[in-house]
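Trainee: what would the 3D arrangement of this be:
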Amino acid sequence: MELAIETVGELSSVAVSDDGQLLGEITWASGRRHTPSLVPMIERVCALADPAGDATATRSRLEVVIVDVGPGAYGGIRAGMAAAIGLATALDLQCVGVGRLELQSYAHAAAGSATAIHRASRRSWVWQTFAASPRGWEAAAEASLGSVEELLETLESSSAAVICGDTELLEEAQRERLAASSAVMGAPALNIRRAALLAELGRRRWQSGGAVPPAALEPLYLRDPAIGPQPQ
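Mentor: Residues are numbered from 1 along each chain as shown. As a prediction, the model looks like this:
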């Protein structure tokens, strides 16, 4: 069995699957309060995954813990990773980390390629293109961090079939600018980062040898935190 944990935004999601078959999934509006809601939701989804509603029985059958490692809200990333590391350590399991942009683009894998975008701050965006290959769903390039103008210029010239992610955070004029190009916006409902998709991606990585010990799990921030010393 696989447990997937997604907490990098204000919507969180957890899922349990068995050899890729979804047994239970919960997605909820966690806001910025990831920590107090996450453990009860993990307990609840583990109960959903067992015919008798026994969360302990589900935990005893887990084989790997999969977690979204970011980028996203710092508190959310830390909450998800802490839960994944703690549970995997207690159960002597390995972990698989999957990035937010890969997860969001994977919802559009049927299109063949997708560019996922994420507003990292008021002035910066992150974007990355993924595409289907004989080896599976893979990054076509490294993630980029830049201004909204750099993002728009990239998207206007991109050959990706779909643009997905934080598209609703673009201003109306920016969306109209992209609509005038060949870019196609993904359906808003598919921008929700579902733990069921995370479980699917993570299971494939685990089976191909991509799991790591809990202590080796690394977050993906891509930018410095807003707290601490700031540039003048």
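Trainee: mind checking the longest helix of the chain?
Mentor: When the chain is parsed with DSSP state H, its longest helix is helix 74-91.
Trainee: buried set for that helix?
Mentor: 76-85, 87-88, 91 (16 or more other CB atoms under 10 Å). For glycine as for every other residue, the C-beta is placed from the backbone atoms N, C-alpha and C.
Trainee: any idea how far the residue positioned nearest the centre of the chain is from residue 213?
Mentor: For the chain, the residue nearest the mean C-alpha position is residue 100 (3.3 Å; CA atoms, centre = their mean). For residue 100, the distance to residue 213 equals 22 Å [CB to CB, to the nearest Å].
Trainee: try residue 73
Mentor: 25 Å.
Trainee: higher neighbour count, these two?
Mentor: Using other CB atoms under 10 Å, the more surrounded residue of residue 73 and residue 213 is residue 73, with 18 against 13.
Trainee: pretty sure the more buried one sits against residue 10.
Mentor: Yes. With contacts counted by CB atoms under 8 Å, residue 73 reaches residue 10, the gap being 7.4 Å.
Trainee: need the overlap of contacts for the two.
Mentor: Counting by CB atoms under 8 Å, 6 or more residues apart in numbering, the contacts common to residue 73 and residue 10 are residue 32.
Trainee: show me where pLDDT drops low in the protein?
Mentor: The model of the chain has pLDDT under 70 over residues 223-232.
Trainee: where do the strands sit along it?
Mentor: Ranges of strands in the chain, per DSSP state E, are 2-6, 11-18, 21-29, 64-68, 94-98, 113-119, 125-133, 136-139, 144-146, 162-165.
Trainee: ok, the buried residues of helix 74-91 vs residue 150, which is closest?
Mentor: Comparing these against residue 150 with CB to CB places residue 77 closest, at 24.0 Å.
Trainee: excluding chain neighbours, what is closest to the closest one?
Mentor: Closest residue to residue 77 apart from its sequence neighbours, by CB to CB, 6 or more residues apart in numbering: residue 70 at 4.4 Å.
Trainee: my guess is that neighbour contacts residue 101. True?
Mentor: No. Residue 70 is not in contact with residue 101 according to CB under 8 Å; the separation is 9.4 Å.
Trainee: so can I have TSV of the strands of the chain showing mean neighbour count and distance to residue 209?
Mentor: Output for the strands of the chain, formatted as TSV (neighbours: other CB atoms under 10 Å; distance: least, CB to CB, whole Å):
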stretch	mean neighbour count	distance to residue 209
strand 2-6	29	15
strand 11-18	24	19
strand 21-29	16	22
strand 64-68	28	12
strand 94-98	23	10
strand 113-119	25	25
strand 125-133	21	17
strand 136-139	14	13
strand 144-146	16	28
strand 162-165	24	28
